[in-house]
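Engineer: Quick one: sequence and predicted model below, then my questions.
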Amino acid sequence: MKRFLLILPLLFTCVFTHAQENYAVTNIPKDLLPYASCVVRNEDIGIEVKDLDNTTYHIKTAITVLNKNGDDFARIVIAHDKSNIIKSVKGMLYDEFGKPIGKFSESDFDDRSAFDGFSLYLSERVKHYIPAVLQYPYTIAYEYELKSKQSLEFDDWRPNSAAGVSVQRSTYTFSCKPDFKIRYKEMNVPSKVEIGTNKDGLKTYTWQAENLKAQKPEPYSPNTESWLTQVKIAPETFEYEGIKGSFTNWQELGKWSYDKLLADRQHLPETTIAHIKEITADITDQKLKAKKIYEYMQSKTHYISVQVGIGGYQPFLASDVDQLNYGDCKGLVNYTQALLKAANIDSYYCVVEAGDRKIGMIPDFATMNQGDHIILCLPFKNDTTWLECTSQKIPFGYLGNFTDDRLVLACTPEGGKLLHTPKYATATNLQVRQADFTINNTGELSGEMKTTFKGLQYENREFLVEEAPTEQNKMLQKVYPINNLTIKKLQLLQDKSLEPVTTESLLVEAPEYASINNNRLYFAVNSVNRNDNIPKEVRNRRNDVYINDGFTDEDQITYKIPQGYKSLKKPLDVSIEKPFGKFKARLSFKDGQLVYNRRLQIIDGTYNKDLYQDLVDFYKEVEEADHYTVSMEKN
């Protein structure tokens, strides 16, 4: 689903003002330099709604890049199409002393398709400029004006929308006629809005931030929306692509979306309707019937971005998808709805913010730009089911961490409804492994290993599924830290039932896996699932500890040892329990067999920042246990 960004996240929200002319780095207050990769020197963002179909953006900004980590914030990307027209662009580059070293204009920008290589019928384009500066620090200052023929959605204000960015000054001004009503939401703003009237009689809303210090990047931080400055604006009455409407809440926005964007777009050819009835004729269970239809849709279609229709928000006609066999997320969801409707199965078209970070709709503040993807909800009684319609491989009813555990907007004939997608619990995100190995008198390891993946871990081997056997072997040799590993046999199965499971079965050999010297035997007991990702130490942490997804790993490895050996040191026996995780590792030796059991569970959630050092120490202890070496001596 298209989200039209006139100014993409922080990379493009940085510029100069009329008063600021000297961009020497020495003029930056020293307390803005710690942890900063760049400094927003001066920024003025002006949005003026002249009429419902006439909004002007005037962006003027200057940003000083202190090191290579700040380069991305100096890039300029401006989206445009027939309804969003760039009126002018100009800028200058300065060295660390504030002396001009070059200028640029619109002709210096690269102009390309917004989704180049992935789309058909795409009207949206982006102008892109990357400063060719090799010496740090440097400053880029630019301004541009853009005219938008709509008043449905407006850019957010995010003066410091990432860690590592300091702000000397940033101003965000929204101007409109007195009868143009808006709603706004302030998040982590340093000062409240100032409301006034300008010289042209327009009502103005102004937010300003000064001397915002850069925040250092902190591992396991919550989403930036919870701790960085942001203002969102929404109209009460608007016009978009010639269609007028109004909304003050999610129910009204969902109703407008359904009536103006979705209604009457699900007609199918009679032959397709007849085929759906035929393939489901012998199925009485509604959920299994929906599964059959979903798998038919997967086998027939493929995903491709198709940004057409009303502002890229309207789906392809279901009949077109049926004929062409492709569509984007909007078109494929709309088409799947139509197929289900042919079997008298109801469903909801749902707008979601997709990504592995869980960002949901703001419950008390409806805007059009809070989602970038579409999924489908089947409201079966006591068994609500969710479908991702853009993948030919994903199991029925499985979302994965791309859209799980967040609020979404369902657009229905009755209006919008906020629904929550399924949460995959820590205990069900399972990776369970059973291995039986033999180590012979030369130290060679051989044996078999079976691993099952469930919940969010179902996709752990998705990268292997379509690869040739030789490539699969090469990839798995990188997954498992076993020296000289040879995979003699590999079987990878995916059970796409209502509770999907991936099963990996291996037959392996590894010469010289164990070292044998002077009647002593040494080898690493955990050769298949080591944790080496210790979080970075952070002093004076500011943010809470946030774990996005929980999981549970269970490993049992049995080693058959050559006769006559006994252990030289105390067997491994570790048990750790913290609010955010649990770990157990134990090694036992009996009747010529070593049995290694390991269980690691990480529990998702938000924890007090004071627990961060405990998290670091927890992973250190896990790493130490994971690298335990068996030492045995022959009698």
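Structural biologist: Yep, it's here. Residues are numbered from 1 along each chain as shown.

Engineer: residues touching the closest residue to residue 178 other than its chain neighbours, list them.
Structural biologist: Spatially, and ignoring its direct neighbours in sequence, residue 178 is nearest to residue 203 (5.0 Å; CB to CB, 6 or more residues apart in numbering). C-beta here means a position set from N, CA and C on the backbone, and glycine is covered the same way. Taking CB atoms under 8 Å, 6 or more residues apart in numbering, we find residue 203 in contact with 175-178, 180, 195-197.

Engineer: Check the gap between residue 198 and residue 61 for me.
Structural biologist: Distance, residue 198 to residue 61, using CB to CB, to the nearest Å: 21 Å.

Engineer: all strands of the stretch 101-250 of the chain, in order?
Structural biologist: Assigned by DSSP state E, counting those that start in this stretch, the strands in the stretch 101-250 of the chain fall at 110-113, 119-120, 125-129, 138-148, 165-176, 182-187, 194-197, 203-212, 230-235, 237-240, 243-246.

Engineer: Ignore what I typed, I meant the stretch 351-500 of the chain.
Structural biologist: Under the criterion DSSP E, counting those that start in this stretch, the stretch 351-500 of the chain contains strands at 373-378, 385-387, 407-412, 415-420, 430-439, 445-454, 486-495.

Engineer: Any chance of those strands in a markdown table with mean pLDDT, distance to residue 281 and mean neighbour count as columns?
Structural biologist: What follows is the strands of the stretch 351-500 of the chain, written out as a markdown table (pLDDT from 0 to 100; distance: least, CB to CB, whole Å; neighbours: other CB atoms under 10 Å):
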| stretch | mean pLDDT | distance to residue 281 | mean neighbour count |
| --- | --- | --- | --- |
| strand 373-378 | 96 | 20 | 23 |
| strand 385-387 | 98 | 21 | 23 |
| strand 407-412 | 98 | 28 | 23 |
| strand 415-420 | 98 | 31 | 18 |
| strand 430-439 | 97 | 37 | 19 |
| strand 445-454 | 97 | 32 | 19 |
| strand 486-495 | 95 | 26 | 14 |
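
Engineer: Turn the ones you listed into a markdown table, columns for distance to residue 342.
Structural biologist: What follows is the strands of the stretch 351-500 of the chain, written out as a markdown table (distance: least, CB to CB, whole Å):
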| stretch | distance to residue 342 |
| --- | --- |
| strand 373-378 | 14 |
| strand 385-387 | 16 |
| strand 407-412 | 19 |
| strand 415-420 | 24 |
| strand 430-439 | 37 |
| strand 445-454 | 33 |
| strand 486-495 | 28 |
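
Engineer: now for these, which one comes closest to residue 568?
Structural biologist: strand 430-439 (15.7 Å; CB to CB).

Engineer: Give me the distance from that closest one to the chain's centre.
Structural biologist: 32 Å (CA atoms, centre = their mean, to the nearest Å).

Engineer: do the same with stretch 506-516
Structural biologist: With CA atoms, centre = their mean as the basis, stretch 506-516 stands 39 Å off its chain's centre.

Engineer: same deal with stretch 242-261?
Structural biologist: Put simply, stretch 242-261 sits 27 Å off its chain's centre (CA atoms, centre = their mean).

Engineer: Without its sequence neighbours, what residue ends up closest to residue 496?
Structural biologist: Residue 496's closest residue in space is residue 395 (CB to CB, 6+ apart), at 3.9 Å.

Engineer: in terms of contact, does that neighbour touch residue 501 like I think?
Structural biologist: No. In this structure, residue 395 is not within contact of residue 501 by CB atoms under 8 Å, at 9.5 Å.

Engineer: shared neighbours, these two?
Structural biologist: 458, 494.

Engineer: Same drill for those two, tell me which one is more crowded.
Structural biologist: residue 395 (25 against 18; other CB atoms under 10 Å).

Engineer: check contacts around the more buried one.
Structural biologist: 458, 494, 496-497, 500.

Engineer: ok, and what's touching stretch 105-115?
Structural biologist: 76, 78-79, 86, 88-91, 119, 122, 124-129, 305, 307.

Engineer: Over to stretch 68-77?
Structural biologist: Contacts of stretch 68-77 (CB under 8 Å, 6+ apart): 8, 10-12, 14, 36-38, 63, 65, 91, 109, 126-131, 133, 136, 138, 140, 142, 162, 164-165.

Engineer: In PDB, list the C-alpha atoms belonging to that stretch.
Structural biologist: Provided in PDB are the C-alpha atoms of stretch 68-77 (Å, rounded to 0.1, in the frame of the first residue of the first chain):
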ATOM      1  CA  LYS A  68      29.900   9.200   7.900                       C
ATOM      2  CA  ASN A  69      27.100   8.000  10.100                       C
ATOM      3  CA  GLY A  70      25.300  11.200   9.300                       C
ATOM      4  CA  ASP A  71      25.500  10.900   5.500                       C
ATOM      5  CA  ASP A  72      22.000   9.400   5.200                       C
ATOM      6  CA  PHE A  73      20.500  12.400   6.900                       C
ATOM      7  CA  ALA A  74      22.000  14.700   4.200                       C
ATOM      8  CA  ARG A  75      20.200  12.900   1.400                       C
ATOM      9  CA  ILE A  76      17.200  14.600  -0.100                       C
ATOM     10  CA  VAL A  77      14.300  12.600  -1.500                       C
END
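
Engineer: Tell me the buried residues in that stretch?
Structural biologist: Applying a neighbour-count criterion of 16 or more other CB atoms under 10 Å, one finds 70-71, 73-74, 76-77 buried in stretch 68-77.

Engineer: distance of the residue nearest to residue 604 when sequence neighbours are not counted from residue 136?
Structural biologist: In space, and not counting its chain neighbours, residue 604 is closest to residue 550: 3.7 Å by CB to CB, 6+ apart. Distance, residue 550 to residue 136, by CB to CB: 41 Å.

Engineer: Show me which of these two is the more surrounded one.
Structural biologist: Set residue 550 next to residue 136 and count neighbours by other CB under 10 Å: residue 550 wins out with 21 against 17.

Engineer: Pretty sure residue 188 sits against residue 222.
Structural biologist: No. Counting by CB under 8 Å, residue 222 is not a contact partner of residue 188; they are 11.8 Å apart.

Engineer: list the residues that contact both of these two?
Structural biologist: Contact criterion CB under 8 Å, 6+ apart; residues shared by residue 188 and residue 222: none found.

Engineer: my guess is residue 387 contacts residue 396, does it?
Structural biologist: Yes. Look at residue 387 against residue 396 with CB under 8 Å: they come within range, at 7.0 Å.

Engineer: and for these two, which residues touch both?
Structural biologist: Residues touching both residue 387 and residue 396 (CB under 8 Å, 6+ apart) are residue 294.

Engineer: can you pull the buried residues of stretch 354-372?
Structural biologist: Residues of stretch 354-372 classed as buried under the neighbour-count rule (16+ other CB under 10 Å) are 354, 358-362, 365-372.

Engineer: same deal with stretch 86-95?
Structural biologist: 86, 89, 91-95.

Engineer: out of these, which are inside strands?
Structural biologist: In strands, defined here by DSSP state E, the members of the buried residues of stretch 86-95 are 86, 89, 91-94.

Engineer: quick check, nearest of the residues you listed to residue 268?
Structural biologist: residue 86 (40.4 Å).

Engineer: Contacts only, for that closest one.
Structural biologist: Residue 86 neighbours (CB under 8 Å, 6+ apart): 78, 80, 106, 127, 144-146.
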